[in-house]
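Visitor: Sequence first, predicted model second:
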Amino acid sequence: MAHESSGKGTLRLSRRGMLAGSAVLAAPLPAMAARASLPASALLSGGRLPADVRAALAGATLLHGSADTPITGIMVATVPSLSVLRQAVATGCNLVLSAEAPLYSRPLPEDANPFAKAGAERLFADPVYKEKAAYLAEHKLIVYRLPTRSGARSGEGVPSTYSPLFTTHLARALGLAPMANAPWFFSTPPIPLGTLVQRAQMSVGAHGGLRVIGDLAMPVRKVCVVPGTAEVVATLTHLRQADVLVTGDLREWEIVPYIADSRAAGHPKGLVALGRILSEQPGTRALAAALRAAHPGLPVSMAERADPFWRI
């Protein structure tokens, strides 16, 4: 619920301001010279990038810095941790593109309730928050957060799709094939749920373990893939048409009971929860590779994030 800070004071981003920050990424790309000092607004657009990458960048939100600052290098990360920010500075990268916000939360709306504002003020006083905010400001880092879901919604208010950058590349890592006109769904020749779980664990590097619901012998043909966090209404709307939900994280008191009840009701579904960070990492890898190919004269680094959990 908190908003981002520039380190020199509090930066309150209105909806208008956030949209303006996003819009600059869609600006036309000027002619590129070798190692030209271009601003983020120009560097992150253009026809040489794949469609899913262009869509993600067009929907990104500027959280820190200025879109007009000349770019010296790009750091792509799922989570812009303090160590990642230090790595960016050490390698000469002043632009950070990430799936998550650097200061732990989304910007606080101008009309936030008093409870949310009080929580935000406590966060701003935290020494870890202050250290990281100061580092961002000191090194004039530019940070954009990439969208994991699209803004398009159906007549029922349900998101029509999640970001293809994250959805497609997570599905591809799991060995799933896209389905025509069905961006939520991916297919596979019939396999047991246990086989899908094994693929998931190996492809995302989940050394802390996965969270699974369902009979490991149940056949899987159609999978609903939701990277990041699974929204309740959107996910349940589409899960009715799939055998299994593969997602990052979810609210245990809503989707989990539904999946548990599905077996008792005679319509069994499966769940594979990878963890939010691991579910988003295939997309960030694809983004880094696309930017490297589009701008060979500019340093582009990918900060791999290992599974942050361990089990006992």
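Guide: All right, it came through fine. Numbering: from 1, shown residues only.
Visitor: what residue ranges in the stretch 1-150 of the chain score low on pLDDT?
Guide: 1-37, 46-47, 106-109, 150 (pLDDT under 70).
Visitor: Do you have the helices of it handy? List them.
Guide: Ranges of helices in the stretch 1-150 of the chain, per DSSP state H, counting those that start in this stretch, are 15-23, 40-43, 51-58, 82-90, 114-124, 127-138.
Visitor: So which residue is smack in the middle of this structure?
Guide: Centroid-nearest residue in the chain, with C-alpha atoms, centre = their mean: Ala99, separated by 3.4 Å.
Visitor: got the phi/psi numbers for the closest residue in space to it that isn't next to it in sequence?
Guide: The spatial neighbour of Ala99 that comes closest, neighbours along the chain excluded (C-beta to C-beta, 6 or more residues apart in numbering), is Glu280 at 4.3 Å. For every residue, glycine as well, the C-beta is placed using N, CA and C. Dihedral angles phi and psi of Glu280 (degrees, to the nearest 10) take the values phi -90, psi -20.
Visitor: isn't Glu280 right up against Pro227?
Guide: Yes - Glu280 is in contact with Pro227 according to C-beta atoms under 8 Å; the separation is 5.5 Å.
Visitor: Who are the packing partners of the strand ranked longest in the chain?
Guide: For the chain, the strand with the greatest residue count under DSSP state E is strand 219-229. Where contact means 3 or more C-beta pairs under 8 Å, 6 or more residues apart in numbering; DSSP states H and E, strand 219-229 is packed against helix 164-173, strand 185-192, helix 193-204, helix 232-239, strand 244-249, helix 276-294.
Visitor: Take those and lay them out in a markdown table including mean pLDDT.
Guide: Shown next, in a markdown table, are those (pLDDT from 0 to 100):
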| stretch | mean pLDDT |
| --- | --- |
| helix 164-173 | 94 |
| strand 185-192 | 96 |
| helix 193-204 | 94 |
| helix 232-239 | 83 |
| strand 244-249 | 94 |
| helix 276-294 | 94 |
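Visitor: mind giving me a markdown table with the ones you listed and columns for mean neighbour count and distance to Lys132?
Guide: Formatted as a markdown table, those follow (neighbours: other C-beta atoms under 10 Å; distance: least, C-beta to C-beta, whole Å):
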| stretch | mean neighbour count | distance to Lys132 |
| --- | --- | --- |
| helix 164-173 | 24 | 24 |
| strand 185-192 | 15 | 37 |
| helix 193-204 | 18 | 26 |
| helix 232-239 | 18 | 31 |
| strand 244-249 | 24 | 23 |
| helix 276-294 | 23 | 17 |
